[in-house]
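[1] requesting a structural model of the entry that follows:
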Amino acid sequence: MPVTSLCIMETPELAVVGLTCNVVGVFFLANSIRFREPGNALRDALGVAGRSLLKVRDTALNNIQVIIGFLFVTTGFLLQIVAQWDMQLTTLLACGGIIMFAGAVYAIGAYSSRRAFRKLLREFFQSQQWSFQDDMELTKEIGEALGVPHAKDMTVEAYVHSVRTALGVQNQPKQSSADRARRIALPGR
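    Coordinates of the predicted model:
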């Protein structure tokens with residue numbers, strides 16, 4: 001074996017190491033994915049679903065797995081790029097075009113997800129009785145997500161009314177505690 005091959009890997013070896021990093025990274029990323037229905041995630045966030053500490057523990061583990069997976073995948077792809085580095089101008093232009101296309105797809109996805117989130121909020125609050133005045137921080141978050149303006153001189157009642165209007169929720173009568181307890185106790189709700 002020549003002395004130079006001890007210090008620097010051959011191009012095919014570098015590509016294989018890169019692909020191995022990709023496999024490891026994809027494993028961590030796939031393992032971190034929690035398949036949850038958006039409606040269930042919204043119920044969890046708003047405290048309507050059942051409580052469990054397992055979700056909190058899993059979230060910390062999932063975050064670490066995403067970071068590790070992303071680092072391995074990125075390293076693997078960079079090693080494969082280095083292994084094939086005999087680039088010409090057309091290759092660099094194609095790579096730049098791909099990056100610009102990815103940016104456009106991301107922007108469209110971000111816009112679409114905001115629209116879907118607003119629709120999900122409307123559907124959720126139209127099917128649930130909710131006291132917006134009990135948690136004004138959450139009400140402000142909902143208002144921001146829906147684009148409801150908030151002025152300093154605006155009263156709580158006026159802002160809550162604006163949020164309810166943006167959600168398409170009419171003033172609902174207060175639910176008795178017995179009705180709420182019975183509804184929460186039923187499975188599947």
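[2] point out where the protein drops to low pLDDT.
    1-10, 34-41, 47, 49-57, 87, 171-189 (pLDDT under 70).
[3] for the most centrally placed residue in the chain, what is the enclosing helix or strand?
    In the chain, the residue lying closest to the centroid (Cα atoms, centre = their mean) is residue 113, at 9.3 Å. For residue 113, the host element (DSSP states H and E) is helix 89-127.
[4] mind checking the SS state of residue 86?
    Following DSSP: H, G, I helix; E, B strand; the rest coil, we place residue 86 in the coil state.
[5] hmm, back to that, how far does the helix holding residue 113 sit from the chain's center?
    Mean-position distance between helix 89-127 and its chain equals 12 Å (Cα atoms, centre = their mean, to the nearest Å).
[6] then stretch 109-128?
    Relative to the centre of its chain, stretch 109-128 is centred 14 Å away, using Cα atoms, centre = their mean.
[7] any idea how far the helix or strand hosting residue 69 is from the middle of the chain?
    Assigned by DSSP H and E, residue 69 falls within helix 54-83. Taking Cα atoms, centre = their mean, one finds the center of helix 54-83 at 15 Å from the center of the full chain.
[8] that one vs helix 89-127, what angle?
    Note on geometry: by axes from the mean of the first three to the mean of the last three Cα atoms, to 10 degrees, helix 54-83 and helix 89-127 are set 170 degrees apart in direction.
[9] who are the packing partners of helix 54-83?
    Judged by 3 or more Cβ pairs under 8 Å, 6 or more residues apart in numbering; DSSP states H and E, the packing partners of helix 54-83 are helix 11-32. C-betas here are computed from N, CA, C, even on glycine.
[10] ok, and what's touching the helix it packs on?
    Surrounding helix 11-32, the residues in contact under the criterion Cβ atoms under 8 Å, 6 or more residues apart in numbering are 9, 61-63, 65-66, 68-80, 82-84.
[11] buried residues of it, list them for me.
    Residues 14, 15, 17, 18, 21, 22, 24, 25, 28, 29, 32 are the ones in helix 11-32 that count as buried (16 or more other Cβ atoms under 10 Å).
[12] tell me the angle of that helix relative to helix 54-83?
    Using the same axes, to 10 degrees: helix 11-32 against helix 54-83 is 170 degrees.
[13] ok so, going back, so which of the buried residues of helix 11-32 is the closest to residue 143?
    Distance to residue 143, by Cβ to Cβ, is smallest for residue 32 among the buried residues of helix 11-32, at 31.9 Å.
[14] for residue 78, give me its contacts.
    residue 18.
[15] and it, how far from residue 26?
    According to Cβ to Cβ, to the nearest Å, residue 78 stands 15 Å off from residue 26.
[16] over to residue 68?
    Residue 68 is 11 Å from residue 26, by Cβ to Cβ.
[17] hmm, back to that, now the buried members of the contacts of helix 11-32.
    By neighbour count, with 16+ other Cβ under 10 Å, these hold 65, 68, 69, 72, 73, 75, 76, 79, 80, 83 as buried.
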